[in-house]
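>>> turn this into a structure:
(chains A, B, C and D)
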2 protein chains.
Amino acid sequence: MFNIQFNKVIREQETSIPQHRKVYEILRSHITDGVFREGDLLPSENELCTVHKVTRPTIRKALDRLVNEGYIVRHQGKGSIVKGVPKGVGILSMTGTTSAIGQDNLKTTIILKPEIRNWTEAFTFPLSQPEIESGCIYMERLRLVNGNPVFYDITMIPNINLSRFTSRNFENKSLFDILRKYYHIEVRGGEQKLLAIVADERLKGFFKVGSGHPVLQLNRKIETNRPGFNIYSQVFCNTDEYALYGTF
Amino acid sequence: MFNIQFNKVIREQETSIPQHRKVYEILRSHITDGVFREGDLLPSENELCTVHKVTRPTIRKALDRLVNEGYIVRHQGKGSIVKGVPKGVGILSMTGTTSAIGQDNLKTTIILKPEIRNWTEAFTFPLSQPEIESGCIYMERLRLVNGNPVFYDITMIPNINLSRFTSRNFENKSLFDILRKYYHIEVRGGEQKLLAIVADERLKGFFKVGSGHPVLQLNRKIETNRPGFNIYSQVFCNTDEYALYGTF
DNA sequence: TTATTGAACTTGTATTTACAAGTAATTTAA
DNA sequence: TTAAATTACTTGTAAATACAAGTTCAATAA
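Numbers count the residues shown, from 1 in each chain, chains lettered A, B, ... in the order given. Model prediction:
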């Protein structure tokens, strides 16, 4: 009796992260890193139980999340089959262009290095008082897919507790990876507005297109695990070659 | 012992739908129908247990899904708070324009009544052999929001076991409600491609816009609970007045 | 009166147990 | 040899139990 208590305390000292979440993270990384590949059969729930030293409901909670996010499908009687990394989930239901396209074909040119600015509004999204007071980090980037300029995005982040942020290198790196790795900021969800516009002079220059060219515009507010810390971005896409793809 | 078994058998004769799903459906409909409104505190999990005569894990599974779909948020120590019907989830992560906009402001004009056609492809999505062989039901509609033409959509559905389908009335009604109600077909998920185009002659006429007007184009494949039965649709949106809105 | 404590709620996590139901391969009977 | 039945897996559902942890409010002590 006392032993169980004791072990629990020890475990929570180590992490305080719930078991089902840890199992989820492990399995997820095994899929993204290619340990499990598309079509593979995951170890059975009971096997996972013994490996991770938890019970079935805990394993199932981890698997539930993987199903929800599209990493696996489950079949009664057969097992859990890896669907792979939800590819196209990309820019519509995910957060960055990097995760949408994949790092290989994506090159990033910094149009405007991160700098600190004042703001009162972010792409039609209203700001909270703390957000306004802390100011924002402003950045402009052009993304090239296979050498062609496809995305032009403006990012605005509240300047709260982000030491050395403006001096980091964002070329060919995911902003969200950096936020996760160095600042423990994770994306929880968000909202977006989508519209079709005609390229203005600036966009015509970036995308190397003529007059009257249609461009897809995305305004988004991205919510994080840090309450009140939202990331705002405006993305313009030239969809001539690459349509935006998403699943739901 | 025997009694428990017995009750279970009876229950399953009645429905065969899992308890957590039934609770989910009830709570969901209570939110969509306005029994619970935005900001309301849902009955506590224990209260729901006694009301629905199930245990907490079952209730929690139902609530989990409501959280995932954005109907409620939960706060430890406080309770479950109703967020309302996920509005903007609309056209980007949901299925129809009706559910995106709401029935009130939406009027539908049938441009081309449902008719049976042959098909070999559906908006760049490849078709399976059974789908090709069964033919498709083809339909064109124009949707007006507050009197303005905003959506023009083409729908293609495999002609499998849909008796009296072509004679049904689709004006101001959700196609997906009809499929759910009369044919027990439910949407499971789907994929979509998004791009910005310039309005052609036909679209210029529908949307009453001039030359060079940008239009948002959506090609989507919608998967259902009936294996191999997919709905294909192509939606054109005039985003001048109404930007597409979505959450993730 | 004001700050603090504590009790009574709420949801969050986790285990244990049991059986239902689908799948696949093996064994058995024709 | 072939078809049917068995068995040994798999995931799906559900209950009963326990405690952790956050919230709220009323009772208590300063």
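>>> in its sheet, what does the helix or strand hosting residue A:155 sit against?
Using DSSP states H and E, residue A:155 maps to strand A:148-158. Using DSSP bridges, the strands paired with strand A:148-158 are strand A:136-145 (antiparallel), strand A:230-237 (antiparallel).
>>> nearest to DNA strand D among the ones you listed would be which one?
Nearest to DNA strand D, of all the strands paired with strand A:148-158, is strand A:230-237, at 19.8 Å by Cβ to the nearest atom of the strand. To be clear about C-beta, it is placed using only N, CA and C from the backbone, and glycine gets the same treatment.
>>> next one: the helix or strand that comes right after that closest one to chain centre, how far?
Remark: after strand A:230-237, the chain's next helix or strand is strand A:244-247, criterion DSSP H and E. Distance of strand A:244-247 from its chain centroid, counting by Cα atoms, centre = their mean, to the nearest Å, is 14 Å.
>>> can you name every helix or strand that strand A:244-247 contacts?
Contact analysis of strand A:244-247 by 3 or more Cβ pairs under 8 Å, 6 or more residues apart in numbering or on different chains; DSSP states H and E lists helix A:90-93, strand B:187-198 as its packing neighbours.
>>> and the longest one, what's buried?
To tie it back to what came earlier, the one meant is strand B:187-198. B:187, B:190-198 (16 or more other Cβ atoms under 10 Å in any protein chain shown).
>>> buried residues, the helix or strand following that strand. List them.
Helices and strands here follow DSSP H and E; after strand B:187-198, the next one along the chain is helix B:201-207. Neighbour-count burial for helix B:201-207, with 16+ other Cβ under 10 Å as criterion, is recorded at B:203-204, B:206-207.
>>> same thing with stretch A:146-153?
Here stretch A:146-153 shows A:149-153 as buried, counting by 16+ other Cβ under 10 Å.
>>> quick one: mean pLDDT for that stretch?
Per-residue pLDDT over stretch A:146-153 has a mean of 87.
>>> what residues does chain A put near chain B?
Selection of chain A residues close to chain B by Cβ under 8 Å from any Cβ of the partner chain yields A:57, A:64, A:68, A:88, A:92-94, A:189-198, A:212, A:214-216, A:219, A:237, A:239, A:243-248.
>>> starting at the chain centroid, how far to the host helix or strand of residue A:131?
Under the criterion of DSSP H and E, residue A:131 resides in helix A:129-134. Offset of helix A:129-134 from its chain centre (Cα atoms, centre = their mean): 24 Å.
>>> where does chain A dip in pLDDT?
A:1-15, A:86-106, A:171-173, A:188, A:247-248 (pLDDT under 70).
>>> tell me which parts of it are close to DNA strand D?
A:5, A:8, A:12, A:16, A:42, A:44-47, A:56-57, A:60, A:63, A:74-80 (Cβ under 7 Å from any atom of the strand).
>>> what about 10 Å?
A:1, A:4-5, A:8-9, A:12-13, A:16, A:18, A:41-49, A:55-57, A:59-60, A:63-64, A:67, A:72-81 (Cβ under 10 Å from any atom of the strand).
>>> select only the buried ones of those residues in ChimeraX?
In ChimeraX, a selection of the buried entries from those looks like this (16+ other Cβ under 10 Å):
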select /A:42,43,45,48,49,59,60,63,64,72,79,80
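>>> near DNA strand C, list only the ones from the residues of chain A next to DNA strand D.
A:4, A:8, A:12, A:16, A:18, A:45-46, A:49, A:55-57, A:59-60, A:75-79.
>>> helix/strand/coil for residue A:182?
helix (DSSP: H, G, I helix; E, B strand; the rest coil).
>>> beta partners for residue A:141?
residue A:110, residue A:153.
>>> next one: the one 4 residues further on
Note on residue A:145: beta-bridge partners by DSSP bridges are residue A:106, residue A:148.
>>> same question for residue A:218.
residue A:194, residue A:235.
>>> that one and residue A:192 touch, don't they?
Yes. Contact criterion Cβ atoms under 8 Å: residue A:218 and residue A:192 qualify, at 5.9 Å.
>>> over to the residue in chain A that DNA strand C sits nearest to. Which of the three states is it?
The minimum distance from chain A to DNA strand C, using Cβ to the nearest atom of the strand, falls at residue A:77 (2.3 Å). Using three-state DSSP, the secondary structure recorded for residue A:77 is coil.
>>> swap in the one 3 residues further on?
Applying three-state DSSP to residue A:80 yields a three-state assignment of strand.
>>> what distance do you get for it to residue B:228?
Distance, residue A:80 to residue B:228, using Cβ to Cβ, to the nearest Å: 22 Å.
>>> and if you look at residue A:216?
32 Å.
>>> between these two, which has more neighbouring residues?
Between residue A:216 and residue B:228, counting by other Cβ atoms under 10 Å in any protein chain shown, residue A:216 is the more crowded of the two (25 against 13).
>>> what angle sits between the helix or strand containing that one and strand A:187-198?
Assigned by DSSP H and E, residue A:216 falls within strand A:214-224. Relative orientation of strand A:214-224 with respect to strand A:187-198: 160 degrees, computed using axes from the mean of the first three to the mean of the last three Cα atoms, to 10 degrees.
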